[in-house]
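1. Sharing a sequence plus its predicted fold:
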Amino acid sequence: MKNNLNIIVLAAGQGKRMKSVLPKVLHPIAGKPMLHHVLATAQTLDPASICIVYGHGGEQVRAQTSIASSKSQLSWAKQEPQLGTGHAVQQALPHLPNDGVALILYGDVPLISAATLSTLVAAAGENKLAWLTMTVANADGLGRILRDEHHRVTAIVEHKDASDEQRKIMEINTGFLACPVAWLSSWLPKLQNANAQGEYYLTDILAMAVADGVAVETHSPAAEWEVAGINSKDQLAQLERTYQLEIAKRLMADGTSLADPARIDVRGTLTCGNGTISDVFIDVNCLFEGAVHLAANVRIGANCVLKDCHIGENTEILPFSSIDGATIGKGARIGPYARIRPATTLADNTHIGNFVEVKASEIGVGSKANHLSYIGDTTIGANVNVGAGTITCNYDGVNKHRTIIEDNVQIGSDVQLVAPVTIGKGATIGAGTTVWKNAPPATLTLNKKEQISLAGWTRPVKNT
């Protein structure tokens, strides 16, 4: 993209219809604030600078906004009071060089594509005004594109200022435009607010361009949802579903099977397969956050939550499991109702069963913990079996301590391993044992217990 491109992002709106203390542009789409989507797309164009025009909740917007790349210079312009889109762009002009091309984006229109914007900037070049328009089925409330008998654009009229005849026009203004910065600097001071809203409309510069003999190019986005703006929670929810369905379509096109494309949520990046083959299956109501990779032939059961994790080939995650910040090897079987917490690595062919929690631990090849256990701050070798009800007692009230379980260990049910402690290779721990000292290799470790039976004992009964 042109290195003389300067982007202005309008993000000052209050969003009264959102009925929220959160500034409108910080409401999330796919787990990321709308404004962050816009900025991420802007960065792909490699602009020389980005200026964000902020207003309502401005300090909160600034505090929560970061740019993924430092290649572009970021500046902020405050719009106060807020007197319309033309007034907003005026606040940004002092932050832009007077040469190059300006591209106008909107912080509450999060899904505009880089391809559409690239086309718009290329159309503007260094001597044209390029405007993004679209023909829609319902244009209520939207500005109309006016054209002459030769189909040349002459002006834009806002819905509230349009005549009945003009309101029949279905080609609408999306608000996105690109043109030389110098022309913006010339046109914006001439704006008037003699309209139904009493605002300075950015759209009025189109008629000024026509009057100055500047060529006006119009282009349309590939999909209507690209230019869908957010003004209410209802619109936010609708666009969320639209975006998720687009993600689902891309996953399926790459070979991933979805039980129901309408019941998947990706709030980050989800990649599946090895680039050639996917054969991944994802059941309903699964949520993916952060960066998640599912290798070929992975199966994800219903109602699972996966965040920042890597799942190896041929692994199955059974329903209602939660995996966060973990790496899981090939051929593993996890769940149902398993919780794998951050800093955990599970090797190939491991089994983590129902109601088992694993945190900050490494579990070796072929090892199993199939029932009702807690494994925290632990290193487990290969071919270890952890019995039901086993817990690692890793916290002494102040510090965390580590448990080491070497290869081929068998741990009975209802065992407590009081860290720091090491269980030697090939050891067996008897059921119900509390281990607070190291268990030697190839031995049976247990706590001596005496079982007694009391004759003549009767259960207590309730008083009547």
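-> Nice, I can see it. Please read all numbers here as calculations on a predicted model, not as lab measurements.

2. quick one: low-confidence ranges for the stretch 251-400 of the chain?
-> The stretch 251-400 of the chain contains no residues with pLDDT under 70.

3. For residue 339, give its distance to residue 141.
-> Distance of residue 339 to residue 141, given as Cβ to Cβ, to the nearest Å: 47 Å. Heads up, the C-betas are built off the backbone N, CA and C, glycines and all.

4. So for those two, which residue has more residues nearby?
-> Using other Cβ atoms under 10 Å, the more surrounded residue of residue 339 and residue 141 is residue 339, with 20 against 10.

5. contacting residues for the more buried one?
-> 321-323, 356-358 (Cβ atoms under 8 Å, 6 or more residues apart in numbering).

6. Those in helices, which ones?
-> Among the contacts of residue 339, the subset assigned to helices under DSSP state H is empty.

7. I'd guessed residue 79 sits against residue 88; true?
-> Yes - counting by Cβ atoms under 8 Å, residue 79 does reach residue 88; the two are 4.9 Å apart.

8. hey, what's in contact with both of those two?
-> With Cβ under 8 Å, 6+ apart as the test, residue 79 and residue 88 both reach 12, 53.

9. These two: which is more packed in?
-> residue 88 (26 against 23).

10. Doesn't the more buried one belong to a helix?
-> Yes - counting by DSSP: H, G, I helix; E, B strand; the rest coil, residue 88 is found in a helix.

11. isn't it right up against residue 12?
-> Yes - under the criterion of Cβ under 8 Å, residue 88 makes contact with residue 12 at 5.8 Å.

12. Need the residues touching each of those two.
-> 53, 79, 82.

13. Need the phi and psi values for the first one.
-> Main-chain dihedrals, residue 53, degrees, to the nearest 10: phi -90, psi 120.

14. which strand residues sit across from it in the sheet?
-> When assigned by DSSP bridges, residue 53 has beta-bridge partners residue 10, residue 77.

15. give me every residue that touches it.
-> Going by Cβ under 8 Å, 6+ apart, residue 53 touches 8-12, 76-79, 88-89, 91-92.

16. Name only those of those residues that count as buried.
-> Of the members of the contacts of residue 53, the ones counted as buried by neighbours, 16 or more other Cβ atoms under 10 Å, are 8-12, 76-77, 79, 88-89, 91-92.

17. Contact partners for residue 208?
-> Residue 208 is in contact with 187, 190, counting by Cβ under 8 Å, 6+ apart.

18. Wait, a strand at it?
-> No - counting by three-state DSSP, one finds residue 208 to be helix, located in no strand.

19. Show residues contacting the strand or helix carrying residue 8.
-> Using DSSP states H and E, residue 8 maps to strand 5-11. Contact with strand 5-11 is made by 25, 35, 38-39, 42, 45-55, 61, 72, 85, 88-89, 92, 96-97, 100-108, 121, 181, as judged by Cβ under 8 Å, 6+ apart.

20. Out of these, which end up buried?
-> 25, 35, 38-39, 42, 45, 47-55, 61, 72, 85, 88-89, 92, 96, 100-108, 121, 181.
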